[in-house]
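Trainee: Here's a sequence, model it:
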Amino acid sequence: MIPWRRLNQAASLALLVALVVGWAFTLRPQSLGGPAGYVLVSGHSMLPRYHTGDLVLLERKSSYHVGQVIAYHVPKGDPMAGAQVIHRIIGGDAKHGFLVRGDNRTAPDVWRPRPTDIVGAKALRIPNAILVLQFLRSPVLLALLAACFVFVHVLARPERS
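Mentor: So this is what the prediction gives:
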């Protein structure tokens with residue numbers, strides 16, 4: 001049985017390494033030098049497809065085009081500078097700035113983001129992800145983790161005779 005245990009440990013370690021490497025190359029946030037950006041949707045400008053509480057995974061691209069949903073930072077010099085906006089490209093170009101608008105709006109944004117302002121284009125939308133994020137921050141989860149730790153600690157303690 002010992003060889004099976006070693007094989008199981010080796011397979012578990014290999015799976016863990018593969019998951020970490022996969023995360024590093026695909027889902028690592030831009031703040032950690034990775035390719036992915038994340039936006040939590042807030043407001044009604046992107047209805048009916050994007051709702052408040054949806055999480056959008058963004059991927060940095062070498063170029064952007066009309067029709068893509070992008071997230072960008074409001075350019076410097078504006079009172080809202082640094083705020084992140086998620087809207088669709090409806091015109092413009094990289095040189096002069098893109099014309100963007102929310103799907104539920106009639107007028108384009110006043111800002112014309114350039115590629116340096118763009119966080120990335122939509123790669124994946126996770127509906128109602130805010131519920132999961134709120135649970136991860138809740139005291140209930142911390143209590144469950146603490147209970148699991150105690151349970152495992154008690155089970156792993158060697159019996160005294």
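
Trainee: what pLDDT does Cys148 get?
Mentor: With respect to pLDDT, Cys148 scores 88.

Trainee: count of neighbours near it?
Mentor: 10 (other Cβ atoms under 10 Å). Glycine gets a C-beta too; all of them are placed from N, C-alpha and C.

Trainee: element containing it?
Mentor: helix 139-156 (DSSP states H and E).

Trainee: May I have that helix as PDB, with CA atoms only?
Mentor: C-alpha atoms of helix 139-156 as PDB (Å, rounded to 0.1, in the frame of the first residue of the first chain):
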ATOM      1  CA  PRO A 139     -17.600  35.400   9.100                       C
ATOM      2  CA  VAL A 140     -19.500  32.200   8.300                       C
ATOM      3  CA  LEU A 141     -16.800  31.000   6.000                       C
ATOM      4  CA  LEU A 142     -14.100  31.900   8.600                       C
ATOM      5  CA  ALA A 143     -16.100  29.900  11.200                       C
ATOM      6  CA  LEU A 144     -16.400  26.900   8.800                       C
ATOM      7  CA  LEU A 145     -12.700  27.000   8.100                       C
ATOM      8  CA  ALA A 146     -11.800  27.200  11.800                       C
ATOM      9  CA  ALA A 147     -14.200  24.200  12.500                       C
ATOM     10  CA  CYS A 148     -12.600  22.200   9.700                       C
ATOM     11  CA  PHE A 149      -9.100  23.000  11.100                       C
ATOM     12  CA  VAL A 150     -10.100  21.800  14.600                       C
ATOM     13  CA  PHE A 151     -11.800  18.700  13.200                       C
ATOM     14  CA  VAL A 152      -8.700  17.700  11.200                       C
ATOM     15  CA  HIS A 153      -6.400  18.500  14.100                       C
ATOM     16  CA  VAL A 154      -8.400  16.300  16.400                       C
ATOM     17  CA  LEU A 155      -8.600  13.400  13.900                       C
ATOM     18  CA  ALA A 156      -4.800  13.600  13.100                       C
END
